[in-house]
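S.K.: show me the folded form of this:
(4 chains)
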Protein chains: 2
Amino acid sequence: MFAAMNNIEDLHQRPIVSVDLAIFALTPDGLEVLLARRGVEPFTGHWALPGGWIHVDEDESLEAAARRVLSDKTGVAAPYFEQVGVFGDAARDPRGWSLSVTYMALIMPDAVILQHGGNVTDAAWHPIAGEATAQPLAFDHAAILKTAITRLRNKVEYTTLPVHLLPEAFTLSELQAVYERLLGRLLDKSAFRKRIAEVDFIVPIVGEMRRASNRPAQLYRLKQARSTVFFDRTI
Amino acid sequence: MFAAMNNIEDLHQRPIVSVDLAIFALTPDGLEVLLARRGVEPFTGHWALPGGWIHVDEDESLEAAARRVLSDKTGVAAPYFEQVGVFGDAARDPRGWSLSVTYMALIMPDAVILQHGGNVTDAAWHPIAGEATAQPLAFDHAAILKTAITRLRNKVEYTTLPVHLLPEAFTLSELQAVYERLLGRLLDKSAFRKRIAEVDFIVPIVGEMRRASNRPAQLYRLKQARSTVFFDRTI
DNA sequence: CGAATAGTGTCTTTTAGACATTATCTT
DNA sequence: AAGATAATGTCTAAAAGACACTATTCG
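M.R.: Coordinates of the predicted model:
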């Protein structure tokens, strides 16, 4: 039935396609990314973004493939998830013309149980200094990671995305602290709360307070799970 | 050398990968997208985003492949170019698990010489009503186009991207008109010019004016070709 | 009560929006 | 001069930012 079509396609070899993840978490040391140490060629021993092949017979969609990879590597199911882009050229992988479809995930580091095995000999959180990690990365993963970090940092400025680095229940002060750590600058409490109230994406959990040796703080949760809201901007 | 690796990959069939383009232009009738009518199965006779396969032996990179497709279909070389994303799942193409790497291009409609041949029997500009075209599109191209249109419309709000829909030399009134047509609302001249002056991405072409039967208008050009600047926004 | 952080209010400065005015060309 | 659009200025209303103040808990 598709004979006419197939011979057109047969003229051109298909590229290799992998799904790779930039998994971010905020630890006491700052923003960190989860990396896997490669146990096979090429780039054996190098750190790399965790990833895998698309399983044509198993994965429903690209995002499903990415979620499978995330679950395989971290044991975590449903954090914030966003496509960063596709990176592809003739030279990035010595095995041939290849594509990396890259997703970014934000998670709570506590929830993660790191999984080894497969092509990976080791997995660990790596601190991000500026827009990179201390170690050189396999393939073009340093450039991909840089793109993901830039996207993340930009979105902190104009969306509610940082909320996904917090547990389900959080206080406004905790949320402000996340913004401040990602932005690298202090924010005014009053102005911050006005801005958050405006976009109306969180609700107080009535009766639930964060208690310490001072005035207790109201706990909040997201209105819709996994939603990200954009702040106002104009032309 | 890569034996251990290759047998891992061999377990999984590679998906089909195409590069598709959402090519936009602003005509007297409004925002339009360039579509190609398919001459082969599947979806013969349907309109689709112009696209092609990656030529592993010829294309240096994804963007190079996209630029080749653009040049093949329009004869135009270097307009504004941006990756929209990857769309991939098991069901979007009856020939099998497939990926569409989609780019968005902005061009001047005058410069284009539409090319036929190949899998395409016809190519034409189609007006965009809301977030879609009047005709149903092949594959999941309606959803892809919707994503591209949304991206374009959003970027009009907070970037200087609309400048790429104008010729090299343009007046401030012409630039404002492009914004107004894309946004669907009128802007205040004074406020618009303040905003444009702030981001400082265009320069007057000294001595060059647009003449009509009224006061002549200063012509401007981009400071750096193809640059897009973001307006201020804050957390 | 003191220490500590939560939460709100006030004032000032800056910015945005509406609108008016002036400028410069053609016919 | 009339008509048209370019370009800039002015005034007001709204928003942002700095900072102070009040509130509530623990020890």
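
S.K.: does any bit of the lengthiest helix in chain A sit next to DNA strand C?
M.R.: Identified as the longest helix of chain A according to DSSP state H is helix A:141-158. No. Counting by C-beta under 7 Å from any atom of the strand, DNA strand C has no neighbours in helix A:141-158; the shortest distance is 13.8 Å. From N, CA and C alone the C-beta is placed, and that goes for glycine too.

S.K.: in that helix, what's buried?
M.R.: A:141-142, A:144-149, A:151-152, A:155-158 (16 or more other C-beta atoms under 10 Å in any protein chain shown).

S.K.: now flag whichever of the residues you listed is closest to DNA strand C.
M.R.: Among those, residue A:158 lies closest to DNA strand C (C-beta to the nearest atom of the strand), at 13.8 Å.

S.K.: state the distance from that closest one to residue A:151.
M.R.: According to C-beta to C-beta, to the nearest Å, residue A:158 and residue A:151 sit 12 Å apart.

S.K.: quick check: bridge partners of residue A:209?
M.R.: residue A:218 (DSSP bridges).

S.K.: tell me who's in contact with the residue most central in space within chain A.
M.R.: Geometric centre of chain A, nearest residue: residue A:105, 2.3 Å, by C-alpha atoms, centre = their mean. By C-beta atoms under 8 Å, 6 or more residues apart in numbering or on different chains, the contact set of residue A:105 is A:21-24, A:70, A:79-82.

S.K.: filter the residues you listed down to the ones in strands?
M.R.: Of those, the ones assigned to strands by DSSP state E are A:21-24, A:80-82.

S.K.: Serialize the residues you listed to JSON lines and add fields for distance to residue B:186.
M.R.: Below are the ones in strands among the contacts of residue A:105 laid out as JSON lines (distance: C-beta to C-beta, whole Å):
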{"residue": "A:21", "distance to residue B:186": "45"}
{"residue": "A:22", "distance to residue B:186": "42"}
{"residue": "A:23", "distance to residue B:186": "45"}
{"residue": "A:24", "distance to residue B:186": "42"}
{"residue": "A:80", "distance to residue B:186": "37"}
{"residue": "A:81", "distance to residue B:186": "39"}
{"residue": "A:82", "distance to residue B:186": "34"}
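
S.K.: want to try TSV for those, with distance to residue A:188, pLDDT and neighbour count as columns?
M.R.: Shown next, in TSV, are those (distance: C-beta to C-beta, whole Å; pLDDT from 0 to 100; neighbours: other C-beta atoms under 10 Å in any protein chain shown):
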residue	distance to residue A:188	pLDDT	neighbour count
A:21	35	97	26
A:22	31	97	25
A:23	32	95	27
A:24	26	95	25
A:80	26	90	18
A:81	31	92	17
A:82	29	95	18
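
S.K.: where does chain A dip in pLDDT?
M.R.: A:1-12, A:78, A:111-121, A:225-226, A:233-235 (pLDDT under 70).

S.K.: would you map the helices across chain A?
M.R.: Going by DSSP H, chain A shows helices at A:3-10, A:62-74, A:141-158, A:172-183, A:189-199.

S.K.: make JSON lines out of those helices and add distance to residue B:49.
M.R.: Shown next, in JSON lines, are the helices of chain A (distance: least, C-beta to C-beta, whole Å):
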{"stretch": "helix A:3-10", "distance to residue B:49": "17"}
{"stretch": "helix A:62-74", "distance to residue B:49": "18"}
{"stretch": "helix A:141-158", "distance to residue B:49": "24"}
{"stretch": "helix A:172-183", "distance to residue B:49": "36"}
{"stretch": "helix A:189-199", "distance to residue B:49": "34"}
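
S.K.: buried set for stretch A:25-32?
M.R.: Counting neighbours by 16+ other C-beta under 10 Å, stretch A:25-32 gives A:25-26, A:31-32 as buried.

S.K.: could those residues be laid out in CSV, adding distance to DNA strand C?
M.R.: Below are these laid out as CSV (distance: C-beta to the nearest atom of the strand, whole Å):
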residue, distance to DNA strand C
A:25, 21
A:26, 17
A:31, 21
A:32, 24
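
S.K.: can you pull the residues of chain A lying near DNA strand C?
M.R.: A:171-173, A:189-190, A:193, A:212-218, A:234.

S.K.: by neighbour count, which of these wins?
M.R.: residue A:172 (18 neighbours; other C-beta atoms under 10 Å in any protein chain shown).

S.K.: tell me the domain boundaries of chain A?
M.R.: A:3-155, A:159-222 (automatic domain parsing).

S.K.: and for the nearest residue to residue A:30 once chain neighbours are set aside, the neighbour number?
M.R.: Closest residue to residue A:30 apart from its sequence neighbours, by C-beta to C-beta, 6 or more residues apart in numbering or on different chains: residue A:127 at 5.9 Å. As a burial measure, residue A:127 scores 12 neighbours (other C-beta under 10 Å).

S.K.: is it true that residue A:127 touches residue A:28?
M.R.: No. In terms of C-beta atoms under 8 Å, residue A:127 does not count as a neighbour of residue A:28; the distance is 10.7 Å.

S.K.: picking that back up, is the residue nearest to the centre of chain A bridged to anything, and to what?
M.R.: residue A:23, residue A:81.

S.K.: can you give me how far stretch A:143-162 is from the chain middle?
M.R.: Its chain's C-alpha centre and that of stretch A:143-162 lie 9 Å apart, by C-alpha atoms, centre = their mean, to the nearest Å.

S.K.: give me the contacts around that stretch.
M.R.: A:20, A:22, A:24, A:31, A:33, A:49, A:80, A:82, A:84-85, A:87, A:100, A:102, A:104, A:106, A:128, A:131-133, A:137, A:175, A:178-179, A:182-183, A:196, A:199, A:201, A:227-231, A:233, B:233-235.

S.K.: touching DNA strand D at all, that stretch?
M.R.: No. For stretch A:143-162, no contact with DNA strand D is found by C-beta under 7 Å from any atom of the strand; the gap never falls below 11.3 Å.
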